[in-house]
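Asker: no letters, just coordinates:
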């Protein structure tokens, strides 16, 4: 029966099928006496019959017939390769530093594309990412040892960035969960004061100045190679770090901001003696050309061997600069500014090298306003009056 009464609430309603003039079957229903198109009719059996009659009449007159909705086109989701080549990498090339772009391209090409490249983005699930993580860590023909957990997390970071870009563009609805690998606490090597002195003494010719400069300023190798004489103020004893070079491309420093680093008197004297007319670069080849990274490796290794030291790279000299500052009691915030770190967390790795500074800082609480120790700390009276 098209007219019925709901046993739960006692309301009358109608529900029936009507064939439209176009030959389509349409189901109509309604409840009279409630807010809606049939609120004027009383909620009785007669009211429900009248509401049904009016609803059928409207359909037969073509008033309520909506055209059949066009079939919705299914969203076409690109594969990871298509999205990487068409969106992700071009955007990275436009927005990131050249070295960052090359790193993402390399990670995609070596680790991600072989496994997930032909997969549609909406088909990449949690299990696929876990399988990728396992495959990435296993040795390969080109790499005989396991990939470190930190390097594997770098692969996952690029994949997550790609999927997040796809989600923000509406290509996919969600980004699968990614479980990061646990990494051991970061450690770093640095040269102690006597080792740094031996290294400088063992260096050849102008490399001695360049190694000393790295140890006394903490500049990255790319910042040293791109340094110009215009950036050096030997009168004020200051150098402006305005650019760096990475994989042959000169751009802003890694942090994206300029910074100023003071020069010690020893470095000022060394740079004055090093002054040349071969070009605008402070450290360069005999023809004025910028050194490549490979050209800088062997002179440093040779100096390490002559000094009887373990082999270290140029970045270890940067670590040594920061470590020496911390061991001399320089505040970590100042070390951060000199190194050009974006966050203080990056600099806190050097904080443990200054335990004496923490001890001395607490000891300051025992001083009075005149800077002297209280009498009871100097072994005098207990501070209590005698009776």
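Answerer: Great, that's in hand. Model, not experiment: these values are computed from the prediction.
Asker: for the rest of this, base every contact and every neighbour count on C-alpha atoms.
Answerer: Fine.
Asker: now residue 196, nearest residue through space, not along the chain?
Answerer: Ranked by C-alpha to C-alpha, 6 or more residues apart in numbering and with sequence neighbours excluded, the top spatial neighbour of residue 196 is residue 215, at 7.6 Å.
Asker: these two touch, right, the one you found and residue 317?
Answerer: Yes. Taking C-alpha atoms under 8 Å as the definition, residue 215 is a contact partner of residue 317 at 5.3 Å.
Asker: where does this protein have low pLDDT?
Answerer: When the per-residue scores of the chain are filtered using pLDDT under 70, the ranges that remain are 1, 63-74, 142, 354-387.
Asker: ok, so what distance separates the residue nearest to residue 196 from residue 267?
Answerer: 10 Å (C-alpha to C-alpha, to the nearest Å).
Asker: okay, now the residue nearest to residue 118 when sequence neighbours are not counted: neighbour count?
Answerer: Once flanking residues are discounted, residue 118 sits nearest to residue 79: 5.6 Å by C-alpha to C-alpha, 6+ apart. Other residues within reach of residue 79 by the criterion other C-alpha atoms under 10 Å amount to 17.
Asker: phi, psi for residue 79 please.
Answerer: Dihedral angles phi and psi of residue 79 (degrees, to the nearest 10) take the values phi -80, psi 170.
Asker: specify the beta-bridge partners of it.
Answerer: In this structure, residue 79 has beta-bridge partners residue 120, where bridges are defined by DSSP bridges.
Asker: so which strand or helix has the most centrally placed residue in the chain?
Answerer: For the chain, the residue nearest the mean C-alpha position is residue 157 (8.1 Å; C-alpha atoms, centre = their mean). Assessed by DSSP states H and E, residue 157 sits inside helix 149-168.
Asker: so who does residue 324 touch?
Answerer: Contacts for residue 324 were tallied using C-alpha atoms under 8 Å, 6 or more residues apart in numbering; they are 192-193.
Asker: ok, residue 130 - contacts?
Answerer: By C-alpha under 8 Å, 6+ apart, residue 130 lies in contact with 178-179.
Asker: in the helix or strand encompassing it, what counts as buried?
Answerer: When secondary structure is defined by DSSP H and E, residue 130 falls within helix 126-137. Going by neighbour count (16 or more other C-alpha atoms under 10 Å), the buried part of helix 126-137 is 129-130, 132-133, 136-137.
Asker: between these, which sits nearest residue 95?
Answerer: Lowest distance from residue 95 to the buried residues of helix 126-137 (C-alpha to C-alpha) belongs to residue 129, with 26.2 Å.
Asker: quick one: the closest one and residue 177, what's the gap?
Answerer: Here residue 129 is placed at a distance of 9 Å from residue 177 (C-alpha to C-alpha).
Asker: please apply the same query to residue 292.
Answerer: Taken as C-alpha to C-alpha, the spacing of residue 292 relative to residue 177 amounts to 41 Å.
Asker: so these two - more neighbours on which side?
Answerer: Between residue 292 and residue 177, counted using other C-alpha under 10 Å, residue 292 has the larger neighbour count: 17 against 12.
Asker: ranges for the helices of the stretch 1-150 of the chain?
Answerer: Counting by DSSP state H, counting those that start in this stretch, the stretch 1-150 of the chain has helices at residues 45-60, 80-83, 89-95, 98-107, 113-116, 126-137, 149-168.
Asker: I'd like those helices laid out as JSON lines, including distance to residue 323.
Answerer: Formatted as JSON lines, the helices of the stretch 1-150 of the chain follow (distance: least, C-alpha to C-alpha, whole Å):
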{"stretch": "helix 45-60", "distance to residue 323": "84"}
{"stretch": "helix 80-83", "distance to residue 323": "43"}
{"stretch": "helix 89-95", "distance to residue 323": "33"}
{"stretch": "helix 98-107", "distance to residue 323": "27"}
{"stretch": "helix 113-116", "distance to residue 323": "40"}
{"stretch": "helix 126-137", "distance to residue 323": "32"}
{"stretch": "helix 149-168", "distance to residue 323": "23"}
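Asker: alright, that wraps it up for me.
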